[in-house]
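Chemist: Quick one: sequence plus predicted model below, questions after.
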Amino acid sequence: MRSRVWGGTAVVVLGGLLAAGCGGGVKDASGGSGGKAGKSAAGDYPVSVTDCMGAKTTFSEAPKKIVTSNASSLELLLRLGVGDQVIGTGFPPGKGTLPGALDAQAQKVDVLGKSVIPKEKLLGSGADLYIDTFAAMGGMGGGGMGDVPTEEEFKAAGIRHIYLKSTACAARSKSPVTDLSAVEADITSLGAVTGTSAKAKELVAGMKEKVDAVRKAVGGTEESKRPTYFFFDYEAGTKQPTVICNRQVANAVITLAGARNVFADCNSDRKQVGWEDVIAKDPDWIQLGVRNRGSDAANKKGFDEAQQWLETNPATKGLKAVKEGHFLRIGSEQTTIAGVENADTVEAIAKTLYPGKVGQS
């Protein structure tokens, strides 16, 4: 899913989380010393989450009625075990697109908008928390996303408005994203806000275990010997490629897997380039960026289409990776959208690029 731009001021973004201690002090619960990330009792409140600029909003209790902007934040809430509190979503996941039992749970959530939730429907939803997966800080207007509520309107409706920091703040990051710490912080923060810190800690630990295993196996490979890697966003269109830059979570996934993102010199999350730019990079490997279509058969068809396009298009059929058949069929969402499966993708890429070095799960 492409980055969504939202307007508004005083935007609250998950990621930097503070938990108030019994003595009135504030502690960092997103990984800092003395935090409460491992607890889930009601006594953990109040907790506060900060935005990109350090402004915070405080929760005195767990939200009871949550609306999510799309399938990404919805999936995280389902993994945390608070699906019963989710009363609606926008950009709903198609049937079969979420893994395992999460799919059945997701299909029970009311769809408030097949894309962006209409303003009046969102404000009248009865929610006490709205979670945006994508955003831009500052008054940038609706970004072509329609009439979105202002922060004052959210407040008047009794809705707290927060974002996932790993995506909302990525483009404005001061340095390249090369690890999953921001994703892990989002999960930790969501766990604290929803009273599921123990589960959040478990999810983060599982991610760290997989990534650490890959780092141990391939992390010592010299930079110059690491294969170059191109994420081909087939769904974004083929006329002019949209590439992954160094502020996107996929850059971290690629880097952690022991590869070199060929567009890591781009200081943004994504940008459009020309095919001549891709040809100049001549990557060793290409990931076919296809979004989940709901079934193995439909996904295979999508991957086949993307590969065939590269193999038959005059501008790309001479690329080294294309001639050598160096394609990776790994879903777009688990690579480019922050979530638990980012760690699975790190492992999957590393297993392909370094056969025999990365252990089987």
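Modeler: It's in. Residues are numbered from 1 along each chain as shown.

Chemist: buried stuff in the longest helix that the chain contains?
Modeler: Secondary structure of the chain read by DSSP state H shows that its longest helix is helix 197-218. By 16 or more other C-beta atoms under 10 Å, the buried positions in helix 197-218 come out as 197, 199-204, 207, 210-211, 213-215, 217-218. The way it works is simple: take the backbone N, C-alpha and C, and place the C-beta from them, glycine included.

Chemist: any weak-confidence spans in the stretch 1-150 of the chain?
Modeler: 1-43, 135-146 (pLDDT under 70).

Chemist: residue ranges for the strands of it, please.
Modeler: 12-14, 16-20, 26-28, 47-50, 56-59, 66-68, 86-90, 111-113, 129-132 (DSSP state E, counting those that start in this stretch).

Chemist: what does the average pLDDT come to for the helix or strand in which Ala348 is found?
Modeler: Assigned by DSSP states H and E, Ala348 belongs to helix 341-353. Averaged across helix 341-353, pLDDT comes to 97.

Chemist: cool, and stretch 263-271?
Modeler: Rounded mean pLDDT across stretch 263-271 is 94.

Chemist: now do stretch 153-162
Modeler: Rounded mean pLDDT across stretch 153-162 is 94.

Chemist: quick one, the longest helix of the chain and helix 341-353 angle?
Modeler: On the basis of axes from the mean of the first three to the mean of the last three C-alpha atoms, to 10 degrees, helix 197-218 is oriented at 20 degrees to helix 341-353.

Chemist: Run the chain-centre distance for helix 197-218.
Modeler: 16 Å (C-alpha atoms, centre = their mean, to the nearest Å).

Chemist: for stretch 330-349, same thing?
Modeler: 9 Å.

Chemist: Using PDB, list the CA coordinates for that stretch.
Modeler: Extracted in PDB, the C-alpha atoms of stretch 330-349 (Å, rounded to 0.1, in the frame of the first residue of the first chain):
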ATOM      1  CA  ILE A 330       8.100 -12.300  -1.500                       C
ATOM      2  CA  GLY A 331       4.900 -10.300  -0.800                       C
ATOM      3  CA  SER A 332       5.000  -6.500  -1.000                       C
ATOM      4  CA  GLU A 333       3.100  -5.900   2.300                       C
ATOM      5  CA  GLN A 334       5.500  -7.800   4.500                       C
ATOM      6  CA  THR A 335       8.400  -6.000   3.000                       C
ATOM      7  CA  THR A 336       7.200  -2.400   2.800                       C
ATOM      8  CA  ILE A 337       4.700  -2.000   5.600                       C
ATOM      9  CA  ALA A 338       5.800  -2.100   9.200                       C
ATOM     10  CA  GLY A 339       4.800  -5.300  11.000                       C
ATOM     11  CA  VAL A 340       5.800  -8.500  12.600                       C
ATOM     12  CA  GLU A 341       6.400 -10.100   9.200                       C
ATOM     13  CA  ASN A 342       9.200  -7.700   8.400                       C
ATOM     14  CA  ALA A 343      11.500 -10.100  10.400                       C
ATOM     15  CA  ASP A 344      10.200 -13.100   8.400                       C
ATOM     16  CA  THR A 345      11.100 -11.200   5.200                       C
ATOM     17  CA  VAL A 346      14.600 -10.500   6.400                       C
ATOM     18  CA  GLU A 347      15.000 -14.300   7.000                       C
ATOM     19  CA  ALA A 348      13.400 -15.200   3.600                       C
ATOM     20  CA  ILE A 349      15.700 -12.800   1.600                       C
END
